[in-house]
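Visitor: Output the structure for:
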Amino acid sequence: MPQIAAPLLAWYRDNARDLPWRRAGFDAWGTLVSEFMLQQTPVARVIPHLEAWLTRWPTPADLAADPPGEAVTQWANLGYPRRALWLHRAAVEIRDRHANVVPRDVESLLALTGIGDYTARAVAVFAYGDRHPVVDTNTRRVLARVVDGVAQPGPPGRVDLAAMEAQLPADVAAAAVVNAAAMELGAIVCTARSPKCEACPLADLCAWRAAGYPASEDRRRRQATYEGSDRQARGAVLKALRDAAPSPVVLAEVLPSWPDPVQRDRAIDSLIADGLAEASAGLLRLPGHAAS
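Guide: Residues are numbered from 1 along each chain as shown. Predicted structure coming up:
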């Protein structure tokens, strides 16, 4: 067994948070929805939205039967609303191509809209129990510090999968837990800004700690300021459309008091280009709702 696997397994057994997607009986569709929602969104914000989503749409076919605008509305304030649109498209694909069952193999998962390397492997491992490396930002940080001896990981790439594969035990069930444990350790102990090294089960194995915690270049992409940004304008337009749904809004009456009319128009144009809004006859609406 790789050196870090045993202490990770023991630590996770005693310290893993009780999260909905880790409970017995949580199915592959729920896992897929949770992974979409968890992208760039804190766990605490996701949980109530996830529960509401799965209550409304317990299967892919249930979601696929509704207009995509309903998914955008239900997404509410989770941010990055294109994820809602992609999840709706993935639900249609699962219904039509896979008889309403979330596929198990990674290649079939990767062929679904909005699913990349991380999400495909997360579903295969955490929903179906298969053996694959699963790598998110937290995992990459743990490996960078413990194995490579640097404070922050480099840019993400395929090399990350090989690095995590090298840490997985041969046992399939244990490998799934090690994947989850590395992510959990990075989320609550080996954090980006204030790592709790005194509580880390890998402290004695950590190359970064042994080297005296040397600083390294932080190459993480910085999030642009939200206040006053195009993202804020897009969010405000979407909120206006969600509040009015399923009715449309007269284009001229969408955020009439927004301080920058050019930015407002740019936000509307970008939402239309992304498929998150539809315009016709001077009206703006969420996608898929019939004109009225």
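
Visitor: Where does pLDDT dip in this protein?
Guide: Scanning the chain for pLDDT under 70 picks out the ranges 1, 217-224, 290-292.

Visitor: my guess is Leu109 meets Pro103, correct?
Guide: Yes. Leu109 is in contact with Pro103 according to Cβ atoms under 8 Å; the separation is 5.6 Å. All C-beta atoms are positioned from the backbone trio N, CA, C, and that covers glycine.

Visitor: Neighbour count for the two, which is higher?
Guide: The neighbour comparison of Leu109 against Pro103 (other Cβ atoms under 10 Å) goes to Leu109, with 25 against 22.

Visitor: what's near enough to touch the nearest residue to the more buried one once chain neighbours are set aside?
Guide: Of all residues not flanking Leu109 in the chain, Ala120 sits nearest, at 3.8 Å (Cβ to Cβ, 6 or more residues apart in numbering). Taking Cβ atoms under 8 Å, 6 or more residues apart in numbering, we find Ala120 in contact with Val106, Leu109, Leu110.

Visitor: you'd agree Ala120 is in a strand?
Guide: No. Counting by DSSP: H, G, I helix; E, B strand; the rest coil, Ala120 is not part of a strand but helix.

Visitor: Pro201 and Ala84, how far apart?
Guide: Computed as Cβ to Cβ, to the nearest Å, the Pro201 to Ala84 distance reads 37 Å.

Visitor: The contacts of Ala120 into CSV, with extra columns for distance to Val142 and secondary structure?
Guide: Output for the contacts of Ala120, formatted as CSV (distance: Cβ to Cβ, whole Å; DSSP: H, G, I helix; E, B strand; the rest coil):
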residue, distance to Val142, secondary structure
Val106, 22, helix
Leu109, 24, helix
Leu110, 25, helix
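
Visitor: Could you dump those residues into a markdown table and include distance to Leu8?
Guide: Listed next are the contacts of Ala120 as a markdown table, based on distance: Cβ to Cβ, whole Å:
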| residue | distance to Leu8 |
| --- | --- |
| Val106 | 23 |
| Leu109 | 25 |
| Leu110 | 27 |
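
Visitor: just curious, which of these is nearest to Gly129?
Guide: Closest approach between those and Gly129, by Cβ to Cβ: Val106, at 13.5 Å.

Visitor: looking at it, the closest one is touching Pro133, isn't it?
Guide: No. In this structure Val106 lies outside contact range of Pro133 using Cβ under 8 Å: 10.8 Å.

Visitor: neighbour count winner among the two?
Guide: Using other Cβ under 10 Å, the more surrounded residue of Val106 and Pro133 is Pro133, with 21 against 17.

Visitor: That one and Leu168 touch, don't they?
Guide: Yes. Between Pro133 and Leu168 a contact is recorded at 6.3 Å, counting by Cβ under 8 Å.

Visitor: Report the contact partners of Ala52.
Guide: Neighbouring residues of Ala52 by Cβ under 8 Å, 6+ apart: Gln74.

Visitor: and with 7 Å instead?
Guide: Applying Cβ atoms under 7 Å, 6 or more residues apart in numbering to Ala52 gives no contacts.
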